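Asker: model this:
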Amino acid sequence: MKHKIILLIVLAWCMAACHDTNYAPKPRGYFRIDFPHKAYKTYQGSCPFTFEYPVYASVEVDDRRDSKPCWLNIEFPDFRATIHLSYNEIHHDLSKFTEDSRTLTNKHIIKASGIDESIITTPNKVYGVKFNIEGNTASSVQFYATDSIHHFLRGALYFNVAPQIDSLYPSIRFIEADIDRLVETLKWR
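Answerer: Okay, the predicted model is just below:
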């Protein structure tokens, strides 16, 4: 009888101790990202253009079999990201290049929740469009820049990870500022 009373007291105490009315589910956490300090250097290769890119990135020549001269990759190893740049000379075919850029951007519509376009104009006679692609897409930022006569440069940001906008968003916005700097400092030769 004594054991039953002790057992009932222990059970009652355990049940009273486990009752918590203030439970709230915790949000899923992600790793903290320490972004590097913004600093830039100038790309001055053999291509007919120059631009500034971040010191924490490197410019590599695109060595794929189908690449053309002055197709470059700006690699961000700490972010596992790449800005793919493709350059073409204009020979009365500007509309073809701009339409190709829109077509490549629109391939992301399937996964995108929206595509925002913003017009590019700089004092260096650079004109174009930047596309911000919202959602879990392979590419989140794309752009093209031209002088409308001789030069056409297209860029696309890709991450070498599965697209999860909620975890990539801070990195996308960080690198987007570098893309804006690239376009602002782009000069034709």
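Asker: what element comes up after the lengthiest helix in the chain heading to the C-terminus?
Answerer: Taking DSSP state H as the criterion, the chain has its longest helix at helix 165-185. For helix 165-185, the following helix or strand on the C-terminal side (DSSP states H and E) is strand 187-188.
Asker: Could you give the separation of that next one from the chain centroid?
Answerer: Strand 187-188 sits 24 Å away from the centroid of its parent chain (CA atoms, centre = their mean, to the nearest Å).
Asker: Name the surrounding residues that touch that strand.
Answerer: Strand 187-188 has contacts (CB atoms under 8 Å, 6 or more residues apart in numbering) with Pro48, Phe49, Thr50, Phe51, Asn124, Lys125, Val126, Asp147, His150, His151. Quick note: C-beta positions are derived from backbone N, CA and C, even for glycine.
Asker: which is the next helix or strand following the lowest-mean-pLDDT helix or strand in the chain?
Answerer: Among the helices and strands of the chain, helix 2-17 carries the lowest confidence by mean pLDDT, DSSP states H and E, at a mean of 76. Using DSSP H and E, the helix or strand that follows helix 2-17 in sequence is strand 40-43.
Asker: how about the helix or strand that that next one is followed by: buried residues?
Answerer: Sequence-wise, the next helix or strand downstream of strand 40-43 (DSSP H and E) is strand 49-54. Under the neighbour-count criterion of 16 or more other CB atoms under 10 Å, strand 49-54 has Phe49, Phe51, Glu52, Tyr53, Pro54 buried.
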